[in-house]
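Engineer: Got a sequence here, can you model it:
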Amino acid sequence: MIDVENLRIRFGDREVVKGVSFSVKKGDSFGIVGESGSGKSTILRAMAGLNESWEGRIAFGGEPAQLKRPPGFFRRVQMVFQDPYGSLHPRQTVDRILSELPLVHGMDNIDKRIVQALSDVALPQAARFRFPHQLSGGQRQRVAIARALIADPQVLLLDEPTSALDVSVQAEILNLLSDLREARNLTYILVSHNLAVIAHLCGQVGVMLNGEMVEQLSAQDLRVGKTSHAHTTELRTLSVGLEEPA
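Structural biologist: Numbers count the residues shown, from 1 in each chain. Next up, the predicted model:
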């Protein structure tokens, strides 16, 4: 479903992503982990079409992505951002937020789609006519996930989707994402600095360091310490709750 080959991204004279390659099968989940500034979120933004200054190859379903994506791309590939409050328009109701993408793409049965999207993320229908500030952080992230799902995408790009949430809510969102992937046969790319979150949701993991993907390994090998790069070992040593993720 996803192929990334020799991806390179520059900001001015500085190369921040240095020849990264990985692939993800349909229905699988791939985690990208690394410290702040390692290039992981920059990769995700290029994949989502939010950054057009990249070189290499990005393909979805065997179809190479162009620097400027056609409108239909955003029905197949959707992104969920780190901060659910910042990514939702503060002056729009949940109903307006969820109806925007179907309206842009000329989709039918919008009312039915909104009802189903709220149900899919376990939000009460009463939330439909509330504003983001009237919802909790976990509810706002559920709205953001519902907005991504309403176009029936094949791929979700998840940028630290639980880092802005309380620990008690993080597990709920991760379990929701896991259930949705299985039910809809979605393919995920999850970016996080938290190894426990990555291991909870992803079968395969890529470790970033200074713009390079220095190691790829299974989540199971990560849990038991079968690492080959010193930075992966260091991240694992510093991680809390890796063996039994929340």
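
Engineer: so K18 makes contact with L209?
Structural biologist: No. Look at K18 against L209 with CB atoms under 8 Å: they stay out of range, at 10.0 Å. Bear in mind the C-beta positions are built from the backbone N, C-alpha and C, glycine included.

Engineer: Show me what the helix or strand bottoming out on mean pLDDT in the chain packs onto, helices and strands only.
Structural biologist: Ranked by mean pLDDT, DSSP states H and E, the weakest helix or strand in the chain is helix 84-87, scoring a mean of 79. Identification of packing neighbours for helix 84-87 by 3 or more CB pairs under 8 Å, 6 or more residues apart in numbering; DSSP states H and E yields helix 137-149.

Engineer: tell me, how many neighbours does R223 end up with?
Structural biologist: By other CB atoms under 10 Å, 17 other residues sit near R223.

Engineer: I'd assumed I198 was in contact with it.
Structural biologist: No. Taking CB under 8 Å as the definition, R223 is not a contact partner of I198, at 10.6 Å.

Engineer: Name the next helix or strand downstream of the helix or strand harbouring L7, please.
Structural biologist: Using DSSP states H and E, the element containing L7 is strand 2-11. Next helix or strand after strand 2-11 toward the C-terminus (DSSP H and E): strand 14-24.

Engineer: List the buried residues for that next one?
Structural biologist: If you call a residue buried by 16 or more other CB atoms under 10 Å, then strand 14-24 has these buried ones: V16, V17, K18, V20, F22, V24.

Engineer: so who does the residue nearest the centre of the chain touch?
Structural biologist: Central residue of the chain (CA atoms, centre = their mean): L158, 0.9 Å from the mean position. Contact analysis of L158 by CB atoms under 8 Å, 6 or more residues apart in numbering lists M79, V80, L177, Y188, I189, L190, V191.

Engineer: Closest to D111 out of the residues you listed?
Structural biologist: Nearest to D111 among these, counting by CB to CB, is V80 at 23.1 Å.

Engineer: residues contacting the closest one?
Structural biologist: S87, Q141, A144, I145, A148, L156, L157, L158, D159, P161.

Engineer: Q141 is in contact with the first one, correct?
Structural biologist: No. Taking contact to mean CB under 8 Å, the distance of 9.1 Å between S87 and Q141 leaves them out of contact.

Engineer: neighbour-wise, which of the two wins?
Structural biologist: The residue with more neighbours, out of S87 and Q141, is Q141; 30 against 19, by other CB under 10 Å.

Engineer: Nearest residue to that one in space, please, no chain neighbours.
Structural biologist: With CB to CB, 6 or more residues apart in numbering as the criterion, Q141 has its nearest non-adjacent residue at 4.1 Å, and that residue is P84.

Engineer: Equivalent analysis for P102, please.
Structural biologist: In space, P102 is closest to I110, 4.6 Å off (CB to CB, 6+ apart).

Engineer: tell me the contacts of that neighbour?
Structural biologist: Contacts for I110 (CB under 8 Å, 6+ apart) come out as S99, P102, L103.

Engineer: now A48
Structural biologist: Per CB under 8 Å, 6+ apart, neighbours of A48: V77, M79, L157.

Engineer: quick check, nearest of the residues you listed to R8?
Structural biologist: Distances from R8 to these, taken by CB to CB, are shortest for L157, at 18.9 Å.

Engineer: Surely R91 and P132 touch.
Structural biologist: No. Using CB under 8 Å, R91 makes no contact with P132, being 9.1 Å away.

Engineer: ok, the two, which is more surrounded?
Structural biologist: Comparing R91 with P132 by other CB under 10 Å, the one with more neighbours is P132, at 21 against 8.

Engineer: So the more buried one sits against P90, correct?
Structural biologist: Yes. Using CB under 8 Å, P132 is in contact with P90, at 5.7 Å.

Engineer: any chance you could map the strands in the protein?
Structural biologist: Using DSSP state E, the strands of the chain run over 2-11, 14-24, 29-33, 54-60, 63-64, 77-80, 155-159, 187-192, 204-209, 212-218.
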